[in-house]
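S.K.: Sequence isn't available, so here's the structure alone:
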(Lines give C-alpha, C1' and ligand atoms only; values in the text may rest on other atoms or scores of the structure.)
Protein backbone atom coordinates (compact mmCIF):
# COMPACT_ATOMS: atom_id res chain seq x y z
CA UNK A 1 0.00 0.00 0.00
CA UNK A 2 1.25 3.50 -0.87
CA UNK A 3 1.51 5.61 2.31
CA UNK A 4 2.26 8.87 0.48
CA UNK A 5 0.29 11.71 2.05
CA UNK A 6 -1.31 13.96 -0.56
CA UNK A 7 -2.59 17.48 0.09
CA UNK A 8 -5.28 18.59 -2.36
CA UNK A 9 -5.02 22.20 -3.56
CA UNK A 10 -8.12 23.58 -5.26
CA UNK A 11 -8.03 26.33 -7.87
CA UNK A 12 -9.57 29.78 -7.78
CA UNK A 13 -10.78 31.60 -10.89
CA UNK A 14 -8.77 34.71 -11.83
CA UNK A 15 -9.36 37.08 -14.81
CA UNK A 16 -6.21 37.56 -16.88
CA UNK A 17 -5.85 41.17 -18.03
CA UNK A 18 -8.35 43.60 -19.58
CA UNK A 19 -12.16 43.88 -19.62
CA UNK A 20 -12.60 40.86 -21.95
CA UNK A 21 -10.16 38.81 -19.93
CA UNK A 22 -9.92 35.08 -20.29
CA UNK A 23 -10.34 33.30 -16.98
CA UNK A 24 -7.59 31.11 -15.57
CA UNK A 25 -7.66 28.59 -12.72
CA UNK A 26 -4.88 29.37 -10.23
CA UNK A 27 -3.59 26.69 -7.86
CA UNK A 28 -0.31 28.33 -6.79
CA UNK A 29 0.31 30.34 -4.72
CA UNK A 30 -2.29 30.01 -1.97
CA UNK A 31 -2.41 30.39 1.79
CA UNK A 32 -1.56 26.79 2.59
CA UNK A 33 1.30 26.50 0.08
CA UNK A 34 3.46 29.15 -1.56
CA UNK A 35 5.82 26.89 -3.52
CA UNK A 36 6.40 23.33 -4.71
CA UNK A 37 10.14 23.16 -5.15
CA UNK A 38 10.86 26.51 -6.81
CA UNK A 39 7.51 26.41 -8.66
CA UNK A 40 5.69 29.44 -7.24
CA UNK A 41 2.81 30.08 -9.64
CA UNK A 42 0.47 27.84 -11.65
CA UNK A 43 -2.31 29.07 -13.95
CA UNK A 44 -4.37 26.50 -15.84
CA UNK A 45 -6.74 27.59 -18.60
CA UNK A 46 -9.09 26.19 -21.21
CA UNK A 47 -10.13 24.59 -23.34
CA UNK A 48 -11.55 27.98 -24.27
CA UNK A 49 -13.25 28.85 -27.55
CA UNK A 50 -11.39 31.98 -28.60
CA UNK A 51 -14.46 33.30 -30.44
CA UNK A 52 -16.29 33.64 -27.12
CA UNK A 53 -13.43 34.12 -24.63
CA UNK A 54 -11.50 36.65 -26.69
CA UNK A 55 -8.33 34.58 -26.42
CA UNK A 56 -5.12 35.84 -24.88
CA UNK A 57 -3.92 39.40 -25.39
CA UNK A 58 -1.49 40.47 -22.68
CA UNK A 59 0.21 43.81 -23.39
CA UNK A 60 3.88 44.47 -22.53
CA UNK A 61 4.44 43.77 -18.84
CA UNK A 62 7.52 43.22 -16.66
CA UNK A 63 9.03 40.39 -14.61
CA UNK A 64 11.83 40.20 -12.07
CA UNK A 65 13.29 37.38 -9.98
CA UNK A 66 11.58 34.54 -11.80
CA UNK A 67 11.29 32.38 -14.91
CA UNK A 68 8.08 31.89 -16.90
CA UNK A 69 7.29 28.44 -18.26
CA UNK A 70 4.67 28.26 -21.03
CA UNK A 71 3.19 24.88 -21.97
CA UNK A 72 0.19 24.40 -24.27
CA UNK A 73 -2.23 21.54 -24.90
CA UNK A 74 -4.04 23.31 -27.76
CA UNK A 75 -3.75 26.56 -29.70
CA UNK A 76 -0.83 28.86 -30.33
CA UNK A 77 0.54 31.95 -28.53
CA UNK A 78 2.88 34.53 -30.03
CA UNK A 79 5.63 35.62 -27.65
CA UNK A 80 7.75 38.77 -27.94
CA UNK A 81 10.17 40.05 -25.31
CA UNK A 82 12.68 42.81 -24.65
CA UNK A 83 15.56 40.44 -25.36
CA UNK A 84 14.36 40.54 -28.98
CA UNK A 85 12.88 37.05 -28.92
CA UNK A 86 9.94 36.42 -31.24
CA UNK A 87 8.63 32.89 -30.85
CA UNK A 88 5.45 30.83 -30.84
CA UNK A 89 4.24 28.65 -27.99
CA UNK A 90 2.79 25.46 -29.47
CA UNK A 91 1.44 22.25 -27.92
CA UNK A 92 4.19 20.00 -26.61
CA UNK A 93 6.90 22.68 -26.84
CA UNK A 94 8.51 24.51 -23.93
CA UNK A 95 9.05 28.25 -23.94
CA UNK A 96 11.10 29.33 -20.91
CA UNK A 97 11.84 33.00 -20.27
CA UNK A 98 14.22 34.15 -17.55
CA UNK A 99 13.31 37.51 -16.05
CA UNK A 100 16.25 37.78 -13.69
CA UNK A 101 17.05 41.44 -13.03
CA UNK A 102 14.32 42.52 -15.44
CA UNK A 103 12.52 41.67 -18.68
CA UNK A 104 9.25 42.58 -20.37
CA UNK A 105 7.15 40.58 -22.82
CA UNK A 106 3.80 40.14 -24.56
CA UNK A 107 1.60 37.07 -25.03
CA UNK A 108 -1.05 37.04 -27.76
CA UNK A 109 -2.99 34.06 -29.11
CA UNK A 110 -2.37 33.76 -32.85
CA UNK A 111 -5.13 34.61 -35.37
CA UNK A 112 -5.51 30.98 -36.41
CA UNK A 113 -6.14 29.76 -32.86
CA UNK A 114 -9.72 28.63 -32.27
CA UNK A 115 -9.21 26.81 -28.94
CA UNK A 116 -6.71 27.87 -26.26
CA UNK A 117 -5.72 25.38 -23.58
CA UNK A 118 -2.62 25.07 -21.42
CA UNK A 119 -0.68 26.13 -18.34
CA UNK A 120 1.43 29.13 -17.42
CA UNK A 121 3.95 28.45 -14.66
CA UNK A 122 6.54 30.50 -12.78
CA UNK A 123 9.76 29.44 -11.12
CA UNK A 124 11.31 31.53 -8.34
CA UNK A 125 15.00 32.24 -8.81
CA UNK A 126 17.26 31.65 -5.79
CA UNK A 127 18.84 34.74 -4.24
CA UNK A 128 22.26 34.13 -5.78
CA UNK A 129 20.70 34.13 -9.29
CA UNK A 130 17.84 36.58 -8.74
CA UNK A 131 19.54 39.32 -10.77
CA UNK A 132 20.79 37.09 -13.57
CA UNK A 133 20.62 38.31 -17.16
CA UNK A 134 17.38 37.97 -19.12
CA UNK A 135 17.18 34.88 -21.32
CA UNK A 136 14.81 32.88 -23.51
CA UNK A 137 14.92 29.18 -24.42
CA UNK A 138 12.77 26.87 -26.52
CA UNK A 139 12.69 23.07 -26.35
CA UNK A 140 10.44 20.44 -27.96
CA UNK A 141 10.76 17.24 -25.89
CA UNK A 142 10.10 13.98 -27.65
CA UNK A 143 7.14 11.90 -26.46
CA UNK A 144 8.19 8.80 -24.53
CA UNK A 145 5.91 5.78 -24.30
CA UNK A 146 5.60 3.88 -21.02
CA UNK A 147 3.32 0.99 -20.20
CA UNK A 148 -0.01 2.78 -19.85
CA UNK A 149 1.21 6.32 -20.39
CA UNK A 150 3.03 8.80 -22.60
CA UNK A 151 5.19 11.56 -21.18
CA UNK A 152 7.07 14.65 -22.29
CA UNK A 153 9.78 15.88 -19.95
CA UNK A 154 10.26 19.62 -20.45
CA UNK A 155 12.45 20.27 -17.38
CA UNK A 156 14.59 17.93 -15.29
CA UNK A 157 14.61 14.13 -15.45
CA UNK A 158 11.85 11.53 -15.32
CA UNK A 159 11.68 7.88 -16.42
CA UNK A 160 15.16 8.07 -17.94
CA UNK A 161 14.41 11.17 -20.01
CA UNK A 162 16.30 14.40 -19.32
CA UNK A 163 15.55 17.87 -20.65
CA UNK A 164 18.61 19.76 -21.93
CA UNK A 165 17.24 23.06 -20.58
CA UNK A 166 19.29 24.17 -17.54
CA UNK A 167 17.62 25.29 -14.32
CA UNK A 168 18.85 27.35 -11.37
CA UNK A 169 17.54 24.86 -8.78
CA UNK A 170 16.78 21.13 -9.16
CA UNK A 171 13.40 20.96 -10.94
CA UNK A 172 11.03 18.59 -12.71
CA UNK A 173 8.34 19.46 -15.23
CA UNK A 174 6.55 16.87 -17.37
CA UNK A 175 3.25 16.27 -19.12
CA UNK A 176 1.81 12.78 -18.61
CA UNK A 177 -1.02 11.29 -20.66
CA UNK A 178 -2.52 8.24 -18.93
CA UNK A 179 -4.45 5.59 -20.83
CA UNK A 180 -8.01 4.87 -19.68
CA UNK A 181 -7.85 2.81 -16.49
CA UNK A 182 -4.05 2.73 -16.48
CA UNK A 183 -1.81 2.66 -13.39
CA UNK A 184 1.74 3.96 -13.68
CA UNK A 185 4.43 3.97 -10.99
CA UNK A 186 7.16 6.51 -11.62
CA UNK A 187 10.59 6.50 -9.96
CA UNK A 188 11.23 9.99 -8.53
CA UNK A 189 13.95 11.73 -6.56
CA UNK A 190 13.15 11.39 -2.82
CA UNK A 191 14.77 14.79 -2.23
CA UNK A 192 12.00 16.37 -4.35
CA UNK A 193 8.52 17.44 -3.36
CA UNK A 194 5.94 17.06 -6.15
CA UNK A 195 2.70 18.53 -7.38
CA UNK A 196 0.37 16.79 -9.84
CA UNK A 197 -1.99 19.11 -11.71
CA UNK A 198 -4.91 17.31 -13.34
CA UNK A 199 -6.14 18.74 -16.63
CA UNK A 200 -8.52 15.99 -17.77
CA UNK A 201 -9.81 12.83 -16.12
CA UNK A 202 -10.01 11.63 -12.53
CA UNK A 203 -6.56 10.60 -11.38
CA UNK A 204 -5.57 8.96 -8.12
CA UNK A 205 -2.19 10.05 -6.77
CA UNK A 206 -1.16 7.45 -4.20
CA UNK A 207 -4.46 6.95 -2.35
CA UNK A 208 -5.98 10.36 -3.07
CA UNK A 209 -8.39 11.08 -5.92
CA UNK A 210 -7.73 14.30 -7.86
CA UNK A 211 -10.32 15.81 -10.18
CA UNK A 212 -9.75 18.22 -13.09
CA UNK A 213 -8.17 21.55 -12.04
CA UNK A 214 -7.01 20.14 -8.70
CA UNK A 215 -3.35 19.92 -7.75
CA UNK A 216 -2.12 17.16 -5.45
CA UNK A 217 0.96 17.86 -3.32
CA UNK A 218 3.29 15.11 -2.09
CA UNK A 219 6.22 15.95 0.17
CA UNK A 220 9.79 14.67 0.12
CA UNK A 221 10.98 11.22 1.09
CA UNK A 222 9.29 9.10 -1.59
CA UNK A 223 11.19 7.21 -4.27
CA UNK A 224 8.09 6.45 -6.36
CA UNK A 225 4.75 8.05 -7.21
CA UNK A 226 1.81 5.94 -8.34
CA UNK A 227 -0.81 7.46 -10.64
CA UNK A 228 -4.06 5.72 -11.61
CA UNK A 229 -6.48 7.02 -14.22
CA UNK A 230 -9.92 6.13 -12.90
CA UNK A 231 -11.61 7.51 -16.00
CA UNK A 232 -12.82 5.52 -19.00
CA UNK A 233 -10.96 7.92 -21.32
CA UNK A 234 -7.35 9.22 -21.40
CA UNK A 235 -6.30 11.58 -18.60
CA UNK A 236 -3.84 14.45 -18.89
CA UNK A 237 -1.69 15.70 -16.01
CA UNK A 238 1.31 17.94 -15.44
CA UNK A 239 3.86 16.77 -12.86
CA UNK A 240 5.95 19.44 -11.16
CA UNK A 241 8.74 18.84 -8.68
CA UNK A 242 11.88 20.16 -7.08
CA UNK A 243 13.93 20.33 -3.92
CA UNK A 244 12.21 22.45 -1.25
CA UNK A 245 12.83 26.15 -1.78
CA UNK A 246 13.68 27.36 1.70
CA UNK A 247 14.13 31.06 0.94
CA UNK A 248 11.39 33.50 1.82
CA UNK A 249 9.99 35.44 -1.14
CA UNK A 250 7.93 38.57 -1.59
CA UNK A 251 5.65 38.10 -4.60
CA UNK A 252 3.48 40.92 -5.94
CA UNK A 253 2.01 41.45 -9.41
CA UNK A 254 4.77 40.21 -11.79
CA UNK A 255 7.69 40.70 -9.43
CA UNK A 256 9.50 38.42 -6.99
CA UNK A 257 11.89 39.89 -4.44
CA UNK A 258 13.00 39.24 -0.89
CA UNK A 259 11.73 42.39 0.81
CA UNK A 260 9.06 45.03 0.30
CA UNK A 261 11.60 47.54 -1.01
CA UNK A 262 12.57 45.20 -3.89
CA UNK A 263 8.99 45.39 -5.14
CA UNK A 264 8.74 49.15 -4.65
CA UNK A 265 11.91 49.71 -6.69
CA UNK A 266 10.86 47.35 -9.49
CA UNK A 267 7.43 49.00 -9.74
CA UNK A 268 8.93 52.50 -9.85
CA UNK A 269 11.37 51.50 -12.58
CA UNK A 270 8.60 49.95 -14.67
CA UNK A 271 6.40 53.03 -14.32
CA UNK A 272 9.17 55.34 -15.50
CA UNK A 273 10.07 53.01 -18.41
CA UNK A 274 13.52 52.22 -17.07
CA UNK A 275 15.94 50.33 -19.28
CA UNK A 276 15.92 47.66 -16.59
CA UNK A 277 12.99 46.06 -18.42
CA UNK A 278 13.86 47.03 -21.99
CA UNK A 279 11.30 47.50 -24.74
CA UNK A 280 9.10 45.03 -26.62
CA UNK A 281 8.83 45.66 -30.36
CA UNK A 282 5.90 44.58 -32.51
CA UNK A 283 2.95 44.94 -30.11
CA UNK A 284 0.22 47.30 -31.42
CA UNK A 285 -0.74 48.88 -28.14
CA UNK A 286 0.36 50.41 -24.86
CA UNK A 287 2.24 48.70 -22.08
CA UNK A 288 0.40 47.60 -18.95
CA UNK A 289 0.60 50.08 -16.07
CA UNK A 290 1.54 48.66 -12.70
CA UNK A 291 -1.30 48.50 -10.18
CA UNK A 292 -1.09 50.58 -7.02
CA UNK A 293 0.81 49.02 -4.17
CA UNK A 294 -1.24 48.06 -1.10
CA UNK A 295 -1.20 50.48 1.80
CA UNK A 296 0.85 48.06 3.87
CA UNK A 297 4.28 46.46 3.88
CA UNK A 298 4.40 43.33 1.76
CA UNK A 299 5.38 40.45 4.01
CA UNK A 300 7.72 37.65 2.91
CA UNK A 301 6.11 34.24 2.45
CA UNK A 302 7.37 30.69 2.61
CA UNK A 303 5.87 27.24 2.93
CA UNK A 304 4.75 25.82 6.27
CA UNK A 305 7.59 24.13 8.21
CA UNK A 306 8.29 20.61 7.00
CA UNK A 307 7.38 17.83 9.39
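M.R.: Great, that's in hand. The structure displayed is predicted, hence computed values, not measured ones. Residues are numbered from 1 along each chain as shown.

S.K.: burial count for residue 230?
M.R.: 17 (other C-beta atoms under 10 Å). In this view, the C-beta of every residue, glycine as well, is placed from N, C-alpha and C.

S.K.: just the one 4 residues further on next, same as before
M.R.: Residue 234 sits with 16 neighbouring residues when counted by other C-beta under 10 Å.

S.K.: How about residue 140?
M.R.: 10.

S.K.: Sticking with the one residue sitting closest to the centre of the chain, tell me its helix or strand.
M.R.: With distances taken as C-alpha atoms, centre = their mean, the residue of the chain nearest its centroid is residue 121 (1.1 Å). Assessed by DSSP states H and E, residue 121 sits inside strand 115-124.

S.K.: neighbouring contacts of the helix or strand following that strand?
M.R.: For strand 115-124, the following helix or strand on the C-terminal side (DSSP H and E) is strand 135-139. For strand 135-139, the surrounding residues in contact (C-beta atoms under 8 Å, 6 or more residues apart in numbering) are 81, 83, 85, 87, 93-98, 100, 154, 163-165.

S.K.: ok, back up a step: report whether the expected contact of the residue nearest to the centre of the chain with residue 71 is present.
M.R.: Yes: using C-beta atoms under 8 Å, residue 121 is in contact with residue 71, at 7.1 Å.

S.K.: overlap in contacts of the two?
M.R.: With C-beta under 8 Å, 6+ apart, residue 121 and residue 71 have common neighbours residue 173.

S.K.: still on that earlier bit, what about the residue nearest to the centre of the chain, distance to residue 209?
M.R.: 23 Å (C-beta to C-beta, to the nearest Å).

S.K.: do residue 240 as well
M.R.: Distance from residue 240 to residue 209, by C-beta to C-beta: 19 Å.

S.K.: looking just at contacts, which helices and strands does the longest helix seen in the chain meet?
M.R.: For the chain, the helix with the greatest residue count under DSSP state H is helix 260-271. Counting contacts by 3 or more C-beta pairs under 8 Å, 6 or more residues apart in numbering; DSSP states H and E, helix 260-271 packs against strand 250-252, strand 255-257.

S.K.: ok, and what's touching the helix or strand containing residue 78?
M.R.: Using DSSP H and E, residue 78 sits within strand 77-81. Residues outside strand 77-81 that contact it (C-beta under 8 Å, 6+ apart) are 56, 70, 85-89, 95, 97, 103-110, 113, 116, 134, 136, 278, 280-283.

S.K.: Next secondary structure after it?
M.R.: strand 86-89.

S.K.: Mind listing the strands the helix or strand just after that next one pairs with, and their directions?
M.R.: Scanning forward in sequence from strand 86-89 by DSSP H and E, the next helix or strand is strand 94-98. When pairs are called by DSSP bridges, strand 94-98 turns out to pair with strand 66-74 (antiparallel), strand 135-139 (antiparallel).

S.K.: Show me what whichever helix or strand comes after strand 94-98 is packed against.
M.R.: Per DSSP H and E, strand 94-98 leads on to strand 103-109 as the next helix or strand towards the C-terminus. Helices and strands touching strand 103-109, by 3+ C-beta pairs under 8 Å, 6+ apart, are strand 57-63, strand 77-81.

S.K.: I'd like the average pLDDT over strand 103-109.
M.R.: Per-residue pLDDT values over strand 103-109 give a mean of 96.

S.K.: shouldn't residue 185 be in contact with residue 226?
M.R.: Yes: here residue 185 reaches residue 226: they are 4.6 Å apart, a contact under C-beta under 8 Å.

S.K.: and the residue nearest to the centre of the chain, what are its bridge partners?
M.R.: Beta-bridge partners, per DSSP bridges, of residue 121: residue 42, residue 69.

S.K.: Next up, the contacts around it.
M.R.: Contacts of residue 121 by C-beta under 8 Å, 6+ apart are 39, 41-43, 68-71, 173, 240.

S.K.: Closest one to residue 299 out of those, please.
M.R.: residue 41 (17.7 Å; C-beta to C-beta).

S.K.: Now that closest one: closest residue in space, sequence neighbours ignored.
M.R.: Spatial nearest neighbour of residue 41, chain neighbours left out: residue 122 (3.5 Å); criterion: C-beta to C-beta, 6 or more residues apart in numbering.

S.K.: what's the neighbour count on the one you found?
M.R.: Neighbour tally, residue 122, other C-beta under 10 Å: 24.

S.K.: any idea how far it lies from residue 232?
M.R.: 34 Å.

S.K.: so residue 158 makes contact with residue 239?
M.R.: Yes: counting by C-beta under 8 Å, residue 158 does reach residue 239; the two are 7.2 Å apart.

S.K.: which residues do these two both contact?
M.R.: 172, 174, 186.

S.K.: Just after the helix or strand encompassing the last one, pick out the following helix or strand.
M.R.: Assessed by DSSP H and E, residue 186 sits inside strand 183-187. Toward the C-terminus, strand 183-187 is succeeded by strand 193-200 as the next helix or strand (DSSP H and E).
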